[in-house]
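Participant: coords please:
(3 chains)
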Amino acid sequence: MITGYFLRQGLNRWIIASLVVILAIGILVPAANLLLPAGHPLHVPSYIVALFGKYLCYALLALSLDLVWGYVGILSLGHGAFFALGGYAMGMYLMRQIGTRGVYGDPTLPDFMVFLNWKELPWFWSGFDQFWFAAIMVMLAPGLLAFVFGWFAFRSRVTGVYLSIITQAMTYALMLAFFRNDMGFGGNNGLTDFKDILGYSIQSDQTRAALFLSSAVALALGVLLVGALGASRYGKLMVAVRDAEDRTRFLGYRPEFVKLFAFTASAVMAGIAGALYVPQVGIINPGEFAPANSIEIVIWTAVGGRGTIIGPIIGAILVNAGKSAFTGLFPEYWLFALGALFIAVTLFLPKGIVGTAMHGWDALQRLRAARRHEEGRHDGPAASQPEAAE
Amino acid sequence: MNHIARTFGFIALGAALTATSAMTPASAQEDTIKVGILHSLSGTMAISETTLKDAMLMLIEAQNEKGGLLGKKLEAVVVDPASDWPLFAEKARQLIEQDEVAAVFGCWTSVSRKSVLPVFSELNSILFYPVQYEGEESERNVFYTGAAPNQQAIPAVDYLMNEEGVERWVLEGTDYVYPRTTNKILEQYLLDKGVAAEDIIVNYTPFGFSDWQTEVARIKEFGSAGKKTAVVSTVNGDANVPFYKELANQGIKAEDIPVVAFSVGEEELAGIDTGPLVGHLAAWNYFQSVETEANASFIEEWHAFTGDEARVTNDPMEAHYIGFNMWIKAAEAAGTTDPDAVIAALPGIEVPNLTGGISKMLPNHHITKPVLIGEIQEDGQFEVVSETDDLVPGDAWSDFLPESKKLKSDWVDLKCGNYDTEAEKCIAETAMAEPATEAAKSN
Amino acid sequence: MNVIKRMTVTRSIAALFAVLAVLLSPSMATAQDSDVALRQAIAGLGAEKGYARLREAINVVAQTGDPRAARVLGALTEGDVYRRADDGAVVIVSGRGQQLTLHDPVTGEAIGTAPKSALDKVRVNNSVRRSVRAALGGLTLAAGDPDIRMTAARTLIATPDPDSLAAIEKAISDEEDDAVRDALENARAGAILFSGADPETRIAAIETIRNMGGQQALSLLARMPASPDQGVLQAAEDAAASVQKRLQYWGLGQNIWYGVSLGSVLLLAAIGLAITFGVMGVINMAHGEMVMLGAYTTFTVQEVMRTSFPGLLDWSLPIALPLAFLVAGSVGFALERGVIRFLYGRPLETLLATWGVSLVLQQSVRTLFGPSNREVSNPSFMSGAFQLGEISVTWNRLYIVVFALVVFAVLLYAINRTSLGLRMRAVTQNRRMAAAMGIRTPWVDALTFALGSGIAGIAGVALSQIDNVSPNLGQGYIIDSFMVVVFGGVGNLWGTLIAALSLGVANKFLEPFAGAVLGKILVLVFIILFIQRRPRGLFALKGRAVDA
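Facilitator: The predicted structure is shown next:
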């Protein structure tokens, strides 16, 4: 009870602080890239902007997983699928924007369709020349998939590892499907060679800065949403479903709807993350559906701390920054470092980095409170043991 | 206990953070020219690409012993894109922007090349791409030292038709862009040669496919119709071992149904018991078994460098050998490693290849290569059974695909990678002029 | 071994030449004339450039009818015929290295040595090998070894030639082996189909071909020259239809067999996971790597055998089995003691830790053995195939099916009938109660995990026979394994068996219609839908603790 109270107090402060930090990064980093001259010590090179833009998208993705895993207890091993679907929707818009600038100069057909002798655009590509349509599809495609999938799965009370494994089956099946060239999504090569977005060149520093800012804003909104949900009555219900689904049901609630809502909302968030990711990295291909990618998302969240709001964000950024650094620094051995990190985190930081830090903070608070209490009463030396509170 | 665990945790975390903050590598000594090596060292493609990284390190070391380039030593910058395509783009950007490499040698799969293309054109750097590929591309910043389809697939089919009298064809491939395009080209080529449509079957399997029973049985059935049958295999890397094992076990002998592969080289054969495969074919531009002095010393150098007499050499390694020497020669000719100067100097550069000829960089950024057809031998090597008389110039745009027939690439005179010979204009240039109207329209 | 085989073949070919030369060519030249003619013909092998010319030269050599020609032709297919650079003489070469021993192409006597550089190899390709085979083919019908006669008869069936009728009939009357005689009868019928024989004879031949059945019969019937006779046409059509129908039934059987064989691979891959994940509840992402370790153990054993005990090469698999079990089992044991035991009660977190372990194991193997594929050869008893009706059953697949079932049976026995199995079940069903009964639960946990890992290791031995041995080996099986265990019902070994086999068969039935990729997608969708119907898999564990 007391822990919960402190946690809530802490959380609110944390949320506001992290919102400020995220937005500050969103503005300062592109500004340092655009406004400061290249030689300036605080100048941020475009390379770093692109890199951190990618991390922000990963952070939003990890946050979306945290919403279902940390709050509702659904371990999705298929969240990469929603991310990739959002990415594909954006990629299709970007492909249509290429217009006659493809290598064959065909005004409507993307290059990969031209050399496979396709004569006309498949029906599911229509509409993607409009940004608003693509923007809707970015949310609708993953949302709808999550809704339909969740509708069946939660109603038939598929839970625990069974649910995890069938989400994995889902993303695996989608990966195989998107690998097929006959599907009309570019097969293994996926969608690449993007030129511009909303009329602005995708390679210019300004566009990149705008995308960076958008990612930061999207992440901030995500934080706000998860924070608001977590603090609301609905959030309590979510946690109740996580901790004791049957008891919640016996109390008259419908856990399947709680789960369905969280799952769908989370999928939409993942889709938006994917949509922001694609223009920044310049490619979307079926590899994003790979089950290993989805597992990685889980790992970011766990490393950061599930069930917290900034945990997944920190986890995603930390793990990916580590990956970027290690693949350059020790290309032959970085997998050892990454593997060891995962093992170490699960063994020694079961609540993740943020969870453990909060726990430590919590203990400190209690220690102080106890000390004040003691001082007020006895005036003697405090002999409290923080560990005993557990 | 718990306490200790947590302490350990913080130490581990601290270590991770320190490592992350040390992202910028220790600045190397000045006065070196950096060369980027962008090959996957982990993940699914590590199987093929790690060798190329080693080959590049060897070439750079040898060049440094010869005195380096333009009076400076070369320095290799190795990164691991981990078979992750977006990571390829990120690493390419890092190599060019942060490490400021003069040129990059790398990529294997088409998708990895497609992923880094925008980075190379945006940051104006040079990529040498060493693997046989589907063509249909010619970029200003990329030099294709591997084979285009006309340097591999078509001579192989010619050989089977003329020497083996093959009349019935199975085009078996992994479902991705290289097999798709190659098979499209071959199908058209075969139809043009008068092969009946019912004598061709095309089949695709997924990556890493391992259960070939049904497919092999089907090939066997297709081949029992009395006409001489051959399989043209564009099956990718990992799926080959189970494919060949199944062929051998179902008793398909090369004398009856030969399989000609475009993605199986010495390196792939090293993982297979080649006894039952003797006589199956592969088409490449280089085989380790080619007997020339240049090749003998290359192999010797390779064995010395790796310290392993059993390591084989293969075609993409030779492509890097050619590409690297071309780059050196072009940089020396230009007197600088500045990308624009080197890109301008490269076309026309001639360097000896390992099969006894002189390969030339063409204006379309592809090179001339001999085409060799080899039969698999018991020792995992290839015996060359056919060789083109002259070097074949690489054709970026296939003449057997309707849309690319009219396209031409020439970076010297036309300064264009996709020149439309019918409309007599450069597609890339006309498109450049258009975005303004496009944007106006979408508003 | 190769040399011996070649010598027997060469000797028998030579004997045949003698017999058939007498039978078929009435005018035989004197020995001296033939010696000159043969030497001249053989010189042609070295003179000409291009395979077409070489094939002609081979025919010239064969047409001399001299039995001694078999020696040089045999050597040619082995790639042992060279042309001496200085005088252009054709020689047979033996030995390895730079200095080679030369032999006279006619007599086979050693005639000195020469460095490799002074010799040009006469290059052969498949078409040349075929020419040699054809030149020697008809002659092997009278070979002493029935297997060689059988092969010759099969070749005759595949390439019907009316001109060889006389030779076939002669061979039939001399034949003692029933199987070979049947084959020869079929060959004769095939030859008749392509000859200008009268309608009755041809109809009888069609009947024989119809009884032979198979794809080959169908192709013979389709290729036979059109006959003006209505009866022949009708008979051919009927025969083709009946052969077709039989083929369809066999096709069904073939799909089932392929499905069972795929299913047994799935079973092998999943069965270890059925212990670590199914029984213990550890989401063991490092399971695939245990399989990989088993495969690499096999590779190592085979390398040691190859270099140190070449005679025992065929025994490397049986030797690798216990070693693979030990290697993977002890890694599993260490993994349980070092990592997993801290995570009981937090099943989802085992996923993270074991994922990390799998990365480390993969990279270790990559560092140790290199990133490329490693060669594990099939031992001779697992190579090749035999014909069961119209299905060709490959030995390695058959062994794997049997092996998978044996492993399953042994595991079932271990769990249900041994004391360790009893403790395992006790601990997984009610840990506290088991502990209270005096069972050392941590020890049992470690052994159970080691058992699951060890089983995965021996699965790796089997999978090394059909798949790549590379650091990525495990990754390819991990998802399928989880699907199988979940589909069958977690914690139920029988469920795993049924799930593996039914998924295998379903996959193979879908493949011919939907293609390999779509087939697999459909199977996955089916699993997803199935889990909706039965949220705990095919065979759910019953009990009150299910919702724990």
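
Participant: Just the C-alphas of stretch B:178-188, formatted as CSV.
Facilitator: Once non-C-alpha atoms are left out, stretch B:178-188 reads as follows in CSV (Å, rounded to 0.1, in the frame of the first residue of the first chain):
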residue,chain,number,x,y,z
TYR,B,178,17.7,-11.9,-57.7
PRO,B,179,16.1,-15.3,-58.6
ARG,B,180,12.9,-13.6,-59.7
THR,B,181,14.7,-11.3,-62.1
THR,B,182,17.2,-13.9,-63.3
ASN,B,183,14.4,-16.4,-63.9
LYS,B,184,12.3,-13.8,-65.8
ILE,B,185,15.3,-13.1,-68.0
LEU,B,186,16.1,-16.8,-68.5
GLU,B,187,12.5,-17.7,-69.3
GLN,B,188,12.3,-15.1,-72.0
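
Participant: Any part of it near chain A?
Facilitator: Yes: judged by Cβ under 8 Å from any Cβ of the partner chain, stretch B:178-188 comes into contact with chain A through B:180, B:181, B:184. No exception for glycine: its C-beta is placed from N, CA and C like everyone else's.

Participant: tell me the secondary structure for the first one?
Facilitator: Here residue B:180 is helix, with the state taken from DSSP: H, G, I helix; E, B strand; the rest coil.

Participant: Could you do the last one as well?
Facilitator: Secondary structure state of residue B:184, per three-state DSSP, is helix.

Participant: my read: it touches residue B:401, true?
Facilitator: Yes: Residue B:184 lies in contact with residue B:401 (Cβ atoms under 8 Å); the separation is 6.2 Å.

Participant: list the residues that contact both of those two?
Facilitator: A:115, A:117 (Cβ atoms under 8 Å, 6 or more residues apart in numbering or on different chains).

Participant: show me the contacts for residue B:390.
Facilitator: By Cβ under 8 Å, 6+ apart, the neighbours of residue B:390 are residue B:370.

Participant: That one: what secondary structure?
Facilitator: Per three-state DSSP, residue B:390 ends up coil.

Participant: any chance of the residues of stretch B:178-188 next to chain A in a markdown table, with distance to residue B:390 and pLDDT too?
Facilitator: What follows is the residues of stretch B:178-188 next to chain A, written out as a markdown table (distance: Cβ to Cβ, whole Å; pLDDT from 0 to 100):
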| residue | distance to residue B:390 | pLDDT |
| --- | --- | --- |
| B:180 | 29 | 88 |
| B:181 | 25 | 86 |
| B:184 | 26 | 89 |
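
Participant: which sections of the stretch 101-250 of chain B are below the confidence cut-off?
Facilitator: Of all residues in the stretch 101-250 of chain B, none has pLDDT under 70.

Participant: quick one: the helices in it?
Facilitator: B:110-123, B:153-163, B:177-192, B:213-223, B:240-249 (DSSP state H, counting those that start in this stretch).

Participant: what's next to the last one, contact-wise?
Facilitator: The reference is to helix B:240-249. With Cβ under 8 Å, 6+ apart as the test, helix B:240-249 has contacts from B:209-213, B:215-216, B:233, B:235, B:259, B:261, B:263-264, B:268, B:271-273, B:275-277, B:280, C:373, C:378, C:383-385, C:394-397, C:465-468.

Participant: Okay, now the unreliable bits of the chain?
Facilitator: Picked chain A for this. Counting by pLDDT under 70, chain A contains low-confidence ranges at A:1-11, A:376-390.

Participant: To clarify, I was referring to chain C.
Facilitator: Looking at chain C by pLDDT under 70, you get C:1-34, C:48-49, C:65-67, C:96-98, C:137-144, C:541-548.

Participant: Residue C:113: how many residues sit nearby?
Facilitator: By other Cβ atoms under 10 Å in any protein chain shown, 12 other residues sit near residue C:113.

Participant: swap in the one 3 residues further on?
Facilitator: Close neighbours of residue C:116, defined as other Cβ under 10 Å, add up to 15.

Participant: what's the answer for residue B:155, then?
Facilitator: Residue B:155 has 20 neighbours, counted by other Cβ under 10 Å.

Participant: SS state for the residue nearest the centre of chain A?
Facilitator: With distances taken as Cα atoms, centre = their mean, residue A:61 lies nearest the centre of chain A, 0.9 Å away. Look at residue A:61: counting by three-state DSSP, its state is helix.

Participant: Could you pull up the residues touching it?
Facilitator: Contacts of residue A:61 by Cβ under 8 Å, 6+ apart are A:79, A:83, A:269, A:270, A:273, A:274, A:297, A:316.

Participant: Try it again at 6 Å.
Facilitator: With contact taken as Cβ atoms under 6 Å, 6 or more residues apart in numbering or on different chains, residue A:61 is in contact with A:83, A:270, A:273, A:297.

Participant: Based on its surroundings, how many neighbours for the residue lying closest to it once chain neighbours are set aside?
Facilitator: Spatial nearest neighbour of residue A:61, excluding adjacent residues (Cβ to Cβ, 6 or more residues apart in numbering or on different chains): residue A:273 at 4.3 Å. Using other Cβ under 10 Å, residue A:273 has 31 other residues around it.

Participant: Equivalent analysis for residue C:493, please.
Facilitator: By the criterion of other Cβ under 10 Å, residue C:493 has 21 neighbours.

Participant: OK, contacts around it?
Facilitator: With contact set as Cβ under 6 Å, 6+ apart, residue C:493 has these partners: C:274, C:412.

Participant: mind redoing it with 10 Å?
Facilitator: Applying Cβ atoms under 10 Å, 6 or more residues apart in numbering or on different chains to residue C:493 gives the contacts C:271, C:274, C:275, C:278, C:279, C:408, C:411, C:412, C:415, C:416, C:485, C:539.

Participant: which stretch of helix or strand covers the residue in the stretch 1-150 of chain A that chain C sits nearest to?
Facilitator: Here the residue of the stretch 1-150 of chain A nearest chain C is residue A:75; by Cβ to the nearest Cβ that distance is 5.2 Å. Using DSSP states H and E, residue A:75 maps to neither a helix nor a strand.

Participant: mind listing what the residue nearest to residue A:335 when sequence neighbours are not counted touches?
Facilitator: Residue nearest to residue A:335 in three dimensions, not counting chain neighbours: residue C:363, with 3.9 Å by Cβ to Cβ, 6+ apart. Counting by Cβ under 10 Å, 6+ apart, residue C:363 makes contact with A:332-339, B:41-42, B:46, C:371, C:471.

Participant: from the residues you listed, which is closest to residue A:289?
Facilitator: residue B:42 (19.7 Å; Cβ to Cβ).

Participant: neighbours around the closest one, how many?
Facilitator: Residue B:42 has 27 neighbouring residues, counting by other Cβ under 10 Å.

Participant: Am I right that it falls within a helix?
Facilitator: No: Residue B:42: not assigned to a helix; according to three-state DSSP it is coil.

Participant: and the residue of the stretch 1-150 of chain A closest to chain C, what does it touch?
Facilitator: Applying Cβ under 10 Å, 6+ apart, the residues near residue A:75 are A:65, A:68-69, A:159-161, A:163-165, A:167, A:298, A:301, A:306, C:283, C:347-348, C:351.

Participant: just to revisit the earlier point, what strand or helix carries the residue nearest to residue A:61?
Facilitator: Using DSSP H and E, residue A:273 sits within helix A:255-281.

Participant: So which bits of that helix are buried?
Facilitator: Residues of helix A:255-281 classed as buried: A:255-256, A:258-281 (neighbour count, 16 or more other Cβ atoms under 10 Å in any protein chain shown).

Participant: try stretch B:277-288
Facilitator: B:277, B:278, B:279, B:280, B:281, B:282, B:283, B:284, B:285, B:286, B:287, B:288.

Participant: Quick one: end-to-end length of it, please.
Facilitator: Length of stretch B:277-288, first residue to last, Cα to Cα, to the nearest Å: 18 Å.

Participant: Likewise for stretch C:107-123?
Facilitator: 22 Å.

Participant: Any buried residues in that stretch, and which?
Facilitator: Under the neighbour-count criterion of 16+ other Cβ under 10 Å, stretch C:107-123 has C:114, C:119, C:122, C:123 buried.

Participant: Turn the helices of the stretch 101-250 of chain B into JSON lines, columns for distance to residue B:347.
Facilitator: Output for the helices of the stretch 101-250 of chain B, formatted as JSON lines (distance: least, Cβ to Cβ, whole Å):
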{"stretch": "helix B:110-123", "distance to residue B:347": "17"}
{"stretch": "helix B:153-163", "distance to residue B:347": "24"}
{"stretch": "helix B:177-192", "distance to residue B:347": "25"}
{"stretch": "helix B:213-223", "distance to residue B:347": "43"}
{"stretch": "helix B:240-249", "distance to residue B:347": "35"}
